[in-house]
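Q: Give me the fold of what follows.
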Amino acid sequence: MIYYFYGKERFLNQKKAQEYTEKYKNKYPASLGFYAFGVENFLPDEMESAVKTLSMFGENKLIVLQSVQDFPGENLDKIHNLMKENDLINHKNIFLIFTAENQTGEDLSKKHDLFKTLEALTQSANLSQSSKQSTDLSPVKLRAFIEDEANRLGLKLNSKLISLLLQTGADISTIANNLQMLSDFQAQTNRPIEEKDFADLIENHIVLDENAIFRSIDAIASGHASQALDIFYALLQKDNEAIYSIWGMLGYFLRNLIIVRSLLDEGGEKEEIIKKSELKPFVVQKYMEFSKNLKMDQILKLHTLLTDLDVKIKTGQIDGQTALELFVSKVSSMLKK
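A: Numbers count the residues shown, from 1 in each chain. Below is the predicted model of the structure:
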């Protein structure tokens, strides 16, 4: 059985993969072998062993393959061959979950035959058949997502506050961070969120510093990673909750960098990029400068790392300062190559 979740937002793909993982863990509480692979930890031999080695007790196996668009071709070959050789689409004891993000608009089916096979699956949203499912959200579904997340967090938001959240233009991961920030504030104050709270917590944090992000990346690009960390430390010293804003702005920075890098790769000139990206001229200039030092696959890997660290922060696996240090270290090492 195979499930394929795809869309622009890695956060939503991860959420859907986690939802299905929990369903299977609940369905087979005592007999489910679980394997999770990403681009950094994928081992072809381990994948093959997971597929081909069934226990004497007829153990069920769940294999999650995250952000497969980043996997090198030889690994995609291995996965695709294992799928065909073992008829995994129809297998009754092995369940595969694939997630893939397509932030640049590239047709993944042209990248590798694995994606053609996954694209051929039927649209569905249940456990009874192999299926594919888009996680992209329409404006109506995005609003529903905010309402559902707010309810899950016990956060009381009126329609005006939800509209204000939508107007920030943030991606799903940043919206989720903002909701968590509002929830923490509600718990601390023991009262419902008001519009002035939104302005203090969200709008001011957003303004807080695209400049700080640019300064920190400038410092890293100049070989001064410690200066970049000093900028972040200063923000955190002013406000412990600033980690949510920093993380949101880093995500915003990388998404725009993906757009600008993509347009540059297509041969776009500055004026065309300004028009298509809808960014201010001086901002586009900064992104063009950063783009000279990073290839598209490196930027996408940084975005994947950022999302992974974001999940670890939210689940208490790592603190915000350590996550920032890891991220800055990774960017610094990429720029040195």
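Q: So which bits of whichever strand or helix holds residue 23 are buried?
A: If you go by DSSP states H and E, residue 23 is part of helix 10-27. For helix 10-27, a neighbour-count test (16 or more other Cβ atoms under 10 Å) marks 10-17, 20-21, 24 as buried. Every residue, glycine included, has its C-beta placed from N, CA and C.
Q: per-domain residue ranges of the chain.
A: 2-134, 137-199, 208-337 (automatic domain parsing).
Q: How many residues are close by residue 184?
A: Counted with other Cβ atoms under 10 Å, the neighbours of residue 184 add up to 16.
Q: Against residue 106, how distant is it?
A: Residue 184 sits at a distance of 37 Å from residue 106 (criterion: Cβ to Cβ, to the nearest Å).
Q: Please apply the same query to residue 248.
A: Taking Cβ to Cβ, one finds residue 248 at 25 Å from residue 106.
Q: More neighbours: which of those two?
A: Per other Cβ under 10 Å, whichever of residue 248 and residue 106 has more neighbours is residue 248, with 26 against 12.
Q: picking up where we left off before, output the domains of the chain in JSON lines, with mean pLDDT appended to each entry.
A: Putting these into JSON lines (pLDDT from 0 to 100) gives the following:
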{"stretch": "domain 2-134", "mean pLDDT": "85"}
{"stretch": "domain 137-199", "mean pLDDT": "80"}
{"stretch": "domain 208-337", "mean pLDDT": "80"}
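Q: contact partners of stretch 73-89?
A: Stretch 73-89 has contacts (Cβ atoms under 8 Å, 6 or more residues apart in numbering) with 1-2, 42, 44, 47-48, 51-52, 65, 68, 71, 94, 96, 112-114, 117, 121, 130.
Q: what do you get if the cut-off is 6 Å, keeping everything else the same?
A: 2, 42, 44, 51, 94, 96, 112-114, 130 (Cβ atoms under 6 Å, 6 or more residues apart in numbering).
Q: Distance of the residue nearest to residue 215 when sequence neighbours are not counted relative to residue 221?
A: Distance criterion Cβ to Cβ, 6 or more residues apart in numbering; nearest residue to residue 215, sequence neighbours excluded, is residue 231 at 5.6 Å. As judged by Cβ to Cβ, residue 231 and residue 221 stand 13 Å apart.
Q: Those two - which one has more neighbours?
A: residue 231 (21 against 18).
Q: Next, the contact list for residue 223, please.
A: With Cβ under 6 Å, 6+ apart, residue 223 has no contacts at all.
Q: Make sure it is indeed in a strand.
A: No - secondary structure of residue 223 (DSSP: H, G, I helix; E, B strand; the rest coil): coil, not part of a strand.
Q: Would you list the phi and psi of it?
A: Note on residue 223: backbone dihedrals following degrees, to the nearest 10 are phi 80, psi 20.
Q: What's the separation between it and residue 332?
A: 8 Å.
Q: Residue 281 too?
A: 28 Å.
Q: got a list of contacts for the helix holding residue 23?
A: So helix 10-27 is in contact with 3, 5, 32, 62, 64, 97, 99, 101, 135, 172-173, 307, going by Cβ under 6 Å, 6+ apart.
Q: Kindly recompute the last result at 8 Å.
A: 3, 5-7, 32, 34, 60, 62, 64, 66-67, 95, 97, 99-101, 127, 133, 135-137, 171-173, 176, 303-304, 307, 310-311.
Q: of the residues you listed, buried ones?
A: 3, 5-7, 32, 60, 62, 64, 66-67, 95, 97, 99-101, 133, 135, 137, 171-173, 176, 303-304, 307, 310-311.
Q: Okay, and which of the contacts of stretch 73-89 map to strands?
A: Within those, residues falling in strands by DSSP state E are 2, 94, 96.
Q: from what I can see the first one touches residue 121, true?
A: Yes - applying Cβ atoms under 8 Å as the test, residue 2 and residue 121 come out as touching, 6.6 Å apart.
Q: Comparing the two, which residue is more hemmed in?
A: residue 2 (22 against 17).
Q: give me the beta-bridge partners of the more buried one?
A: Counting by DSSP bridges, residue 2 is bridged to residue 96.
Q: measure it to residue 42 for me?
A: Counting by Cβ to Cβ - residue 2 and residue 42 are separated by 17 Å.
Q: ditto for residue 332
A: In terms of Cβ to Cβ, residue 332 sits 25 Å off from residue 42.
Q: helix, strand or coil for the residue lying closest to residue 6 once chain neighbours are set aside?
A: Once flanking residues are discounted, residue 6 sits nearest to residue 100: 4.6 Å by Cβ to Cβ, 6+ apart. The assignment at residue 100 comes out as strand when based on three-state DSSP.
Q: Equivalent analysis for residue 35, please.
A: strand.
Q: quick one: the strands in the protein?
A: Going by DSSP E, the chain shows strands at 2-7, 32-37, 60-65, 94-101, 131-134.
Q: Quick one: those strands as TSV, columns for distance to residue 195 too.
A: Shown next, in TSV, are the strands of the chain (distance: least, Cβ to Cβ, whole Å):
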stretch	distance to residue 195
strand 2-7	31
strand 32-37	41
strand 60-65	41
strand 94-101	34
strand 131-134	34
